[in-house]
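S.K.: sequence and computational prediction follow.
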Amino acid sequence: MSAREEVVEYDPQAPIPIASHPRRRKAMPQRTSTNTIMATVFEPIRWIVPGYVPEGFSVLAGRQKLGKTWLAMDWSLAVAMGGIAMGTIPVECGDVLYVDMENGPRRIQRRIHALFPGQNLPDLKRLVWQTEAPVLDKGLLDQLDDWRRSVPSPRLVVIDVLQRIKPMGNATRNSYENDYAAWAPLQSWATLHGIGVVGLHHTKKGGADDPLEALSGSNGLSATADTTLLLDRNGDGISLYVRGRDVDEKESALVFAGGTWTMVGDAAEVRRTDERSIILALLKEADEPMSPAEIASATSMKANNIRQLLFKMAKAGEVEKAGRGSYRHATPYTPDNIDNEVTDEE
């Protein structure tokens, strides 16, 4: 046996030697029982525009020149003043940052004057503007955090438009993965701090069966957003559709005049009211009762919708059934037409 060799007897009780640099285990994710979650009292959802814009990341999309910026300004001014959004919705006062990379200070000033014509401007110190911004992953979140810390009640951030802050994609990912990865940090920041972030975006040409699929680009943006709002105009007028994690799905009718947006009510109800007015005017001028098919032909409305509407109008006393499948205008009773009806029936 050489001097370098040494016999070591095996001892089963001896501790197993530990490597000098053991591999560190990754931190285990935090797990919470259902009972703990159910016993937790969470703060209520913080609404920026009640029923439409909650805390978190929202996307306001629409075609070009439809008035998205005017609508975002409506919300911003309402929050900054603690006023009324869209002419009908009271909002809580707070600080607002509007990141406007589409318009300079001159156009911003002109639009503010258009909204308050011939008036002394109200105190708008809680609404501040930023006309330049870096890409989202190149310092924008740091800038948003600086603003958040600098104001007493950070409530709303508007980014006009999202495309200007979108990071470059990764060639190894598809468009959905790139969009999701791009917007997730903004959504996380808004959720963490309970601030509403509204990003303006464009819609595709030609529309889509599902409103959320109308957003330009992949579905990664709508999947990341907590709330999606779609501003649209068709033959029935202008509507604002909203769907989100914390908001009830709905579509509201809006009117735009002189830079001011006003909500008129539920879009379906407004359309029905308009359709009723058209049907009543047509039946009033008609020489004889008309069938749903004849009304549809004269108005370009769908016959099935007309049948349902006529049934409701007959129950409301607005129209009268005049034989099988035909209707006439329900003329208010007067002594003259009562005599005429008696004569006709005789």
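M.R.: Great, that's in hand.
S.K.: low pLDDT regions in the stretch 1-150 of the chain?
M.R.: Scanning the stretch 1-150 of the chain for pLDDT under 70 picks out 1-24.
S.K.: residue ranges of the helices in it, please?
M.R.: Secondary structure of the stretch 1-150 of the chain (DSSP state H, counting those that start in this stretch): helices located at 34-39, 68-81, 105-115, 140-150.
S.K.: list the buried residues of the last one.
M.R.: Within helix 140-150, the residues scored as buried using 16 or more other CB atoms under 10 Å are Leu140, Leu144, Trp147. In this view, the C-beta of every residue, glycine as well, is placed from N, C-alpha and C.
S.K.: my read is that the last one contacts Leu141, right?
M.R.: No - at 10.8 Å, Trp147 and Leu141 do not qualify as touching, with contact defined as CB atoms under 8 Å.
S.K.: domain parsing for the chain?
M.R.: 47-248, 270-345 (automatic domain parsing).
S.K.: could you dump the ones you listed to a markdown table with distance to Ala257?
M.R.: Converted to a markdown table, the domains of the chain look like this (distance: least, CB to CB, whole Å):
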| stretch | distance to Ala257 |
| --- | --- |
| domain 47-248 | 10 |
| domain 270-345 | 16 |
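S.K.: quick one, which of these is nearest to Lys26?
M.R.: Put simply, out of the domains of the chain the one that sits nearest Lys26 is domain 47-248, at 20.8 Å, with distance taken as CB to CB.
S.K.: ends of the closest one, what's the gap?
M.R.: The first and last residues of domain 47-248 sit 13 Å apart, counting by CA to CA, to the nearest Å.
S.K.: determine how far that domain lies from the middle of the whole chain.
M.R.: Using CA atoms, centre = their mean, to the nearest Å, the distance from the centre of domain 47-248 to the centre of the chain it belongs to is 9 Å.
S.K.: all numbers from here: first residue = 40
M.R.: Let's use 40 as the start, then, which means that last one is domain 86-287.
S.K.: need the per-residue pLDDT for Pro374.
M.R.: As summarised for this prediction, Pro374 has a pLDDT of 38.
S.K.: low-confidence regions, the stretch 190-339 of the chain specifically.
M.R.: Regions of the stretch 190-339 of the chain meeting the criterion pLDDT under 70 cover residues 246.
S.K.: okay, and the beta partners of the residue positioned nearest the centre of the chain?
M.R.: Centroid-nearest residue in the chain, with CA atoms, centre = their mean: Leu268, separated by 2.1 Å. Listed beta-bridge partners, Leu268: Leu99, Val281 (assigned using DSSP bridges).
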